[in-house]
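Engineer: kindly generate the corresponding structure for this input.
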Amino acid sequence: MRSLAPADSAALAIIAVFTAARVLLAAALGLGVDEAYTLSVAHDLQLSYYDHPPLQYWIVHSFMPLLGDGRAARLPFVGLFAVSCWLLYRLTQLLFGADAGVIAVLALNCSAFFSFAGGWVLPDGPLMLALLAAALTLARQLFAPGASRPFALAGWLAAGLWLGVAALSKYHAVLFALGVLLFLLSVPDGRAELRRPSMWLGALLALGIATPVILWNFQHDWISIGYQANRGRFSGVHPGYLLANILGQAIWMLPWIFVPMLIATWRAWQAGRRAQCSWFCLCLALPTIAVYTLTPLWGGLGLPHWQMPGWLMLYPVLGEQVSRSLAPERLRRWGIASACLIVLIAAVLSAHTVSGVGRLLAPRLFAHGDPTLDAFEWRQLPAELQQRVHLRPGIFFITTNWRYAGRIDLAFDDTFPVVVFGANPKQFGLRYDPARLVGHDALLIGPAENISDVASRLRPYFVSVQELPGFVLGRSGLQEIPLQLMWARCLLEPLPSPYRSPISPSPPQPACLGRVLGN
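Structural biologist: Numbers count the residues shown, from 1 in each chain. This next block holds a predicted model:
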């Protein structure tokens with residue numbers, strides 16, 4: 001049996017150590033807001049979903065009989081990221097050599113977003129794997145020793161397959177495809193490929209795999225495409241948003257990774273098409289980075305992790321530049337320091353996220369909110385409600401935000417319908433036919449500061465709306481999330497839906513509705 005090369009062993013060791021750490025974090029940390037939402041709506045198997053293509057939901061749904069809808073649902077995503085790390089190593093090895101590959105894998109795992117998101121139930125996990133697999137497939141066509149000209153049909157079909165999988169993961173796949181086209185247009189061999197049918201057959205395969213996303217959007221008035229496109233709507237000129245977004249990228253990647261990445265990217269830009277391997281990575285990366293970095297200049301602030309699939313394509317360039325620029329001793333110190341810092345950050349954040357201890361040690365830091373509460377599960381909710389009301393079958397919950405909806409649904413293991421009223425419900429607006437809830441009682445749960453307004457708008461739909469004693473959720477006995485509770489008796493007519501009118505036949509009238517009509 002052939003032994004592994006030293007660089008291969010080093011890359012695998014890095015992947016194994018960080019994967020083990022992610023498994024521990026997955027068990028220790030509560031599910032985030034987006035994860036709770038994903039687990040909730042993944043109970044329903046659909047062609048696609050409101051805010052993202054379907055692959056993350058399909059994965060969760062497929063593993064739910066085995067892993068349930070708790071923290072164990074993260075395990076497939078931890079595995080996906082481990083495979084992604086190996087694909088990054090192979091891609092960098094092919095383009096720039098094995099030493100650069102080891103550095104690229106280490107840098108990726110020492111970057112905050114990739115290190116943490118690699119274990120979260122998010123669309124980024126399958127997206128990263130698919131994009132790296134597509135990039136590696138293309139790189140083998142372009143740069144592997146003995147690569148054929150014209151490129152093999154099998155290679156283009158494989159690239160199309162992975163691009164289609166990426167399109168099932170996140171809409172970023174469109175920008176990656178644009179990067180591929182940009183590269184092909186910019187180099188002679190690429191322009192020759194554009195005149196051959198092989199590449200277009202691969203593109204057709206990608207489009208065919210993405211058909212569920214297209215079909216679902218067609219059936220739902222393109223609401224998902226519209227939701228994403230609305231983020232780029234002009235709302236004035238905001239240079240402060242642009243700077244804040246760039247700063248957010250630096251924080252998510254961590255400055256000691258982000259600054260070398262910027263330097264490596266600039267040097268690759270200067271080298272241009274003469275250095276085709278780095279130019280290949282640049283072309284794949286820049287459409288995503290440019291679109292999501294510049295959009296805040298005229299649109300909303302955006303989120304700094306939206307650029308990360310673009311930066312992912314530049315880790316091979318970073319590995320090559322660092323391996324070439326740093327002496328072995330300095331490179332060793334940089335690697336050890338980066339690994340120690342990410343472990344320290346993870347330990348501090350995890351300790352506070354689990355216990356809330358930072359609020360006791362440094363309360364001023366959290367005077368304007370605590371983002372780690374996004375990873376606080378509302379497992380205390382059922383016990384709090386049982387003290388105030390009898391949770392009998394047939395009731396449903398109403399809340400004021402899709403974030404709360406995911407928390408409530410997770411706390412009750414998807415046993416009661418959860419409806420969002422007065423805000424964008426995302427996929428929760430499609431989970432239940434509003435007509436089927438007529439005649440049922442509801443519990444209204446939401447933050448104390450705005451629930452009174454929501455309750456006043458709900459009153460015309462119910463026989464009565466009665467306030468119940470509120471309560472506060474929190475970690476380690478802390479009073480962190482004040483919630484108000486109201487009992488809404490007997491829904492008289494379907495609640496308004498932002499997406500569709502109820503089309504199902506009216507269900508039999510429950511007893512409470514019959515009594516109301518009899519009066």
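Engineer: wait, doesn't A210 sit right on V165?
Structural biologist: No - counting by Cβ atoms under 8 Å, A210 stays clear of V165, with 9.1 Å between them. For glycine as for every other residue, the C-beta is placed from the backbone atoms N, C-alpha and C.
Engineer: show the contacting residues for Y432.
Structural biologist: By Cβ atoms under 8 Å, 6 or more residues apart in numbering, the contact set of Y432 is F396, P417, V419.
Engineer: the same query, at a cut-off of 6 Å, please.
Structural biologist: P417 (Cβ atoms under 6 Å, 6 or more residues apart in numbering).
Engineer: just confirm C277 is within a strand.
Structural biologist: No - under DSSP: H, G, I helix; E, B strand; the rest coil, C277 falls outside any strand and is assigned helix.
Engineer: chain neighbours aside, what residue packs nearest to it?
Structural biologist: Leaving aside its sequence neighbours, C277 sits nearest to L95 (Cβ to Cβ, 6 or more residues apart in numbering; 4.3 Å).
Engineer: roughly how far apart are the one you found and Q276?
Structural biologist: 9 Å (Cβ to Cβ, to the nearest Å).
Engineer: please, where are all the strands along the protein?
Structural biologist: Ranges of strands within the chain are 396-399, 418-420, 442-447, 462-473, 481-491, based on DSSP state E.
Engineer: quick one, helices of the stretch 351-500 of the chain?
Structural biologist: Using DSSP state H, counting those that start in this stretch, the helices of the stretch 351-500 of the chain run over 357-361, 381-386, 402-411, 428-431, 451-458.
Engineer: L95 and Q276: which has the busier surroundings?
Structural biologist: More crowded of L95 and Q276, by other Cβ atoms under 10 Å: L95, with 25 against 19.
Engineer: I'd guessed that one sits against Y315; true?
Structural biologist: No - at 10.8 Å, L95 does not count as touching Y315 under the criterion of Cβ atoms under 6 Å.
Engineer: low-confidence regions, the protein specifically.
Structural biologist: Across the chain, the ranges flagged by pLDDT under 70 are 1-2, 147-148, 500-519.
Engineer: show me the residue sitting in the middle of it in space.
Structural biologist: Closest residue to the average C-alpha location of the chain: L122 at 3.6 Å, with Cα atoms, centre = their mean.
Engineer: would you mind measuring from that one to A210?
Structural biologist: As judged by Cβ to Cβ, L122 and A210 stand 19 Å apart.
Engineer: repeat that for L437.
Structural biologist: For L437, the distance to A210 - Cβ to Cβ - is 34 Å.
Engineer: residues contacting the closest residue in space to P126 that isn't next to it in sequence?
Structural biologist: Nearest residue to P126, sequence neighbours excluded (Cβ to Cβ, 6+ apart): S169, at 4.3 Å. For S169, the contacting residues are P53, L55, P123, P126, L127, A130, by Cβ under 6 Å, 6+ apart.
Engineer: top of these by neighbour count?
Structural biologist: Ranking the contacts of S169 using other Cβ under 10 Å puts L127 first, with 29 neighbours.
Engineer: chain neighbours aside, what residue packs nearest to that residue?
Structural biologist: Using Cβ to Cβ, 6+ apart, the closest residue to L127 is S169 (3.9 Å).
Engineer: nearest to E35, out of the strands of the chain?
Structural biologist: Nearest to E35 among the strands of the chain is strand 418-420 (15.9 Å), distances taken as Cβ to Cβ.
Engineer: list the neighbouring strands of the closest one plus their orientation.
Structural biologist: Paired neighbours of strand 418-420 in the sheet (DSSP bridges): strand 396-399 (parallel).
Engineer: how much space between the residue nearest to P126 and L108?
Structural biologist: Between S169 and L108 the computed distance is 18 Å (Cβ to Cβ).
Engineer: cool, and L87?
Structural biologist: Taken as Cβ to Cβ, the span from L87 to L108 is 11 Å.
Engineer: any buried residues in stretch 486-499, and which?
Structural biologist: Going by neighbour count (16 or more other Cβ atoms under 10 Å), the buried part of stretch 486-499 is M486, W487, A488, C490, L491, P494, L495, S497.
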